[in-house]
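J.: Predicted model and sequence below, questions to follow.
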Amino acid sequence: MSNPIPVPMNDMLYLFAQSGFPAPMAQSTLAHYIVVSALMFTLGLIGFLTRRNLIIMFLCTELMFQAAGIALVAFGRYHLDLSGQTFVIFVLTVAAAEAAMGLALIVLLFRRKESLSAEEWQDMKG
Amino acid sequence: MPPAHHLPCRLLFGVVFPRLLVSSSGLVLEQIINPYILYSLCVVGALGVCLALPRRGLSPQILGALIAALAGGLGLVALGAKNPQALPNAYFYIFSLIALGGAMRVITHPRPVYAALYFVLTVIATAGLFLILSAEFMAFALIIVYAGAILITYLFVIMLATQAPQEGEVEVLTKYDTEAREPIGAAVVGFLLLAVLTTMAFKGIPALTVPAFRPADALLADMPRRIERELRESGAIQSGDKVAIDQHFKATIDAAARTVQVTRASGTASESVETVALPETLHVTNAEEVGFNLLRDHPGTIEIAGVILLMAMLGSVVLSRKQVQIDEEAKMHQSQSLAASLAKATMDNRTSDGGGGT
């Protein structure tokens, strides 16, 4: 199903912005952005599960935040609603807070065992 | 009898959600992409990522990365081929290629510093995607906050938490950096999640309502002073003239016709209202729209974000502080010597005639 609203096909606009801001975005175009977002999230998840370095695991969660941000902005663009972008600001806030806390914890853990391996802490089961 | 291309979806989701099998609405996934292509590409992508993850000994990382890139590229091509009249623009493909390639390298590079630098690449490419989505403010905020602040913190911690090799010694990568844990299981779980996510999203997207038409610069009504300044600069109004404001302090503009009501104050005793055309160059910027949305529609969320940041700051200060243990005996000894010196000082003050001592 294509978009019923005709999209102006001005060449320059078509190249530089996704058909210009007030013009609506086609559903198939939205699907492209969602695929990129889902792929990035998947890569982040796989990285989180496979890597054993605590810092890389944290980096992978940031990757998943990025993916969520792309989906938010793409859906906001589709609905011509700015709330999607506003919520990316909050995602950034949470990512910054998480990085501060997490990295402080990692420094603390590194001081204890002189290693960044997640498996050093395997015995820490509740 | 459902068409044949419903079959993979039904096989995948019929097991998990039996209700989907009997839903009468049918699947609309094939409007976006052929399900056979989607799921086979997921399998190929899982294989590629699995091969690309670092492991001990000979690992075909480049081959794996190529297979994964091929799967991703074919997926985008298949998406575009289904709706060739509404392709995203060329920059989308460039930026998403860089972003996903960087993400791939983040999870496969054995050295943490390089992984962090590839993450910066991903962030910048994502900012490019935001730019073509007309989210200019978020694009630059992303670069400043992520690439500029958060990633620098990461690099600091990486450098704090790795030992530099001694002089003349060859640097050896640690075992936990060069060997992935359970690459096959993780790739299967990840790409199963991808299949479910994309299926759900693609089923939902054709059902989305097409957004209502919104006049481009309607938000200008909330910024009468800005309109006034622009009009004055372009010479359309004189110094005493004002943009007419209604009882909600909004400028009375006609966004479709691009005109605004102006109260003339010059010459005549009675004020007259006139309709003046808005300058062609006057448009609402993305930062203004985000600002209005943030501060007018989500004020409570800002407060919560502030509390989160404060808590994170306090938490990281408390956590990373070096724990100094002064034992009780030393503390007592110190306080006694302090008291003795204080008593001595007062004695000295009293014996001398008060000159100079404070």
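T.: That came in fine, so what should we check first? Residues are numbered from 1 along each chain as shown, chains lettered A, B, ... in the order given.

J.: show me the biggest helix of chain A in terms of residues.
T.: Selection of the longest helix in chain A by residue count, based on DSSP state H, yields helix A:83-113.

J.: same for it, what does it pack against?
T.: On a contact count with 3 or more Cβ pairs under 8 Å, 6 or more residues apart in numbering or on different chains; DSSP states H and E, helix A:83-113 meets helix A:54-79, helix B:136-142, helix B:151-160, helix B:286-292, helix B:299-320. Just so you know, the C-beta spots here come from the backbone N, C-alpha and C atoms, and that holds for glycine as well.

J.: check contacts around B:L160.
T.: Applying Cβ atoms under 8 Å, 6 or more residues apart in numbering or on different chains, one finds that B:L160 lies in contact with A:V107, A:F110.

J.: so where is chain A shaky, pLDDT-wise?
T.: Counting by pLDDT under 70, the low-confidence segments of chain A come to A:1-23, A:126.

J.: For the helices and strands packed on helix A:83-113, could you give me a markdown table that also reports distance to B:L47?
T.: Compiled in a markdown table, the helices and strands packed on helix A:83-113 are given as follows (distance: least, Cβ to Cβ, whole Å):
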| stretch | distance to B:L47 |
| --- | --- |
| helix A:54-79 | 20 |
| helix B:136-142 | 32 |
| helix B:151-160 | 30 |
| helix B:286-292 | 41 |
| helix B:299-320 | 39 |
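
J.: Looking at the ones you listed, which one is packed in the most?
T.: Per residue and on average, the most neighbours among these fall to helix A:54-79, with a mean of 23 (mean count of other Cβ atoms under 10 Å in any protein chain shown).

J.: Can you name the residues that contact B:A277?
T.: Contacts of B:A277 by Cβ under 8 Å, 6+ apart are B:A236, B:R258, B:T259, B:V260.

J.: if you set the cut-off to 7 Å instead, what comes out?
T.: Applying Cβ atoms under 7 Å, 6 or more residues apart in numbering or on different chains, one finds that B:A277 lies in contact with B:R258, B:T259.

J.: hey, what's it bridged with?
T.: In this entry, B:A277 is beta-bridged to B:T259, by DSSP bridges.

J.: For A:E98, see how far away B:P206 is.
T.: As for B:P206, its distance to A:E98 is 35 Å (criterion: Cβ to Cβ, to the nearest Å).

J.: er, B:D246 actually
T.: Spatial separation of B:D246 from A:E98 under the definition Cβ to Cβ is 45 Å.

J.: more neighbours, those two?
T.: Per other Cβ atoms under 10 Å in any protein chain shown, whichever of B:D246 and A:E98 has more neighbours is A:E98, with 17 against 11.

J.: so how far is A:F48 from the more buried one?
T.: Remark: distance between A:E98 and A:F48 (Cβ to Cβ) = 13 Å.

J.: Could you tell me the backbone phi and psi angles at B:E171?
T.: phi -70, psi 130 (degrees, to the nearest 10).

J.: Check B:A236 too.
T.: According to degrees, to the nearest 10, the main-chain angles of B:A236 amount to phi -80, psi -30.

J.: ok, now which ones touch it?
T.: Under the criterion of Cβ under 7 Å, 6+ apart, the contact list for B:A236 reads B:V276.

J.: Try it again at 8 Å.
T.: With contacts defined as Cβ under 8 Å, 6+ apart, the neighbours of B:A236 are B:V276, B:A277, B:P279.

J.: shared neighbours, A:E98 and A:F48?
T.: Residues touching both A:E98 and A:F48 (Cβ under 8 Å, 6+ apart): A:T61.

J.: measure the nearest residue to B:Y146 once chain neighbours are set aside to B:R258 for me?
T.: The shortest distance from B:Y146 to any residue that is not its chain neighbour, by Cβ to Cβ, 6 or more residues apart in numbering or on different chains, is 4.5 Å, and that residue is B:V123. B:V123 sits 38 Å away from B:R258 when distances are taken as Cβ to Cβ.

J.: And the two? Which one has more around it.
T.: When B:V123 and B:R258 are compared on other Cβ under 10 Å, the one with more neighbours turns out to be B:V123, at 24 against 16.

J.: What helix or strand is that one located in?
T.: For B:V123, the element it lies in under DSSP states H and E is helix B:112-132.

J.: Can you get me a residue count around the closest residue to A:L72 other than its chain neighbours?
T.: What sits nearest to A:L72 in space, not counting adjacent residues and going by Cβ to Cβ, 6+ apart, is A:G84, at 4.4 Å. The local packing of A:G84 (other Cβ under 10 Å) involves 22 other residues.
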